[in-house]
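Chemist: Provided below for reference: sequence and predicted model.
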Amino acid sequence: MAPKQEPSRFAIEPLDDKHDRAAFSCGVEALDAYLHKQAGQDARKRAAVPFVATADGKTIAGYYTLAQYAIQLDTVPDAIAKKLPKYPTVSATLLGRLAVSTEFRGQRVGETLLMDALHRSLTLGKQAASAGVIADAKDDSAVSFYRKYGFLDLPKVERRLFLPMGTVEQLFR
Ligand SMILES: CC(C)(COP(=O)(O)OP(=O)(O)OC[C@H]1O[C@@H](n2cnc3c(N)ncnc32)[C@H](O)[C@@H]1OP(=O)(O)O)[C@@H](O)C(=O)NCCC(=O)NCCS
């Protein structure tokens, strides 16, 4: 589904020391703990790049992480696999986490973050190939959020979804 967005009041920027990580709460313990304790280290060690949405440069309304990933072709349904190159593994972009603070829910922050992640993945994929974006949803509600934007289930891994880069490209035409 195409985004409905008007220009957002939130800037999306790489996580930095000026952002108040400790105050962030989305109600999912694992996603809160990741931002509080792990995200900075992942950024420093280049395991993932965390991006935050902020209106004032300090308060974190939401965040997501991006990393490069290799999908095994045999975990992908035939309908998707036949459009991918026939190698055992194919490069993709991993949207590892995406969460919006409970305080900012329902204000299209989730959509703004997702569109930013997809646009960034598309741009990066023009420099180092990526067949699509993988998302790991934390629960069934998160699965339905991603499906709304055209993500397809990768049934061999629980709650893992995939959006082919061709579909991402159409979103930004
Ligand atoms: C899922 C989540 C990111 C949505 O963020 P949000 O800012 O409240 O959502 P938005 O305001 O951007 O909603 C955009 C659209 O998605 C819909 N939507 C929001 N949450 C949804 C959900 N869980 N399932 C299905 N649709 C959802 C909204 O109704 C809206 O639809 P519309 O275009 O018809 O108006 C947020 O609820 C969250 O952080 N949840 C906890 C963590 C989580 O589940 N993360 C997901 C990845 S692990």
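Modeler: The structure has been received and is ready for your questions. Residues are numbered from 1 along each chain as shown.

Chemist: what's the first helix or strand after the helix or strand bottoming out on mean pLDDT in the chain?
Modeler: Evaluated with mean pLDDT, DSSP states H and E, the helix-and-strand set of the chain has its lowest mean pLDDT in helix 78-81, which scores a mean of 87. Scanning forward in sequence from helix 78-81 by DSSP states H and E, the next helix or strand is strand 89-100.

Chemist: any part of that next one near the ligand?
Modeler: Yes - under the criterion of C-beta under 6 Å from any ligand atom, the ligand is reached by strand 89-100 at Arg97, Leu98, Ala99, Val100. Placement of C-beta: from N, CA and C, glycine included.

Chemist: who are the packing partners of the least confident helix or strand of the chain?
Modeler: Secondary structure elements in contact with helix 78-81, counted by 3 or more C-beta pairs under 8 Å, 6 or more residues apart in numbering; DSSP states H and E, are absent; no helix or strand qualifies.

Chemist: would you mark the buried spots in it?
Modeler: By neighbour count on 16 or more other C-beta atoms under 10 Å, the buried set for helix 78-81 is Ile80.

Chemist: excluding its backbone neighbours, what's nearest the residue in the chain that the ligand sits nearest to?
Modeler: Using C-beta to the nearest ligand atom, the point where the chain gets nearest to the ligand is Gly110, with a distance of 2.4 Å. The shortest distance from Gly110 to any residue that is not its chain neighbour, by C-beta to C-beta, 6 or more residues apart in numbering, is 4.8 Å, and that residue is Val100.
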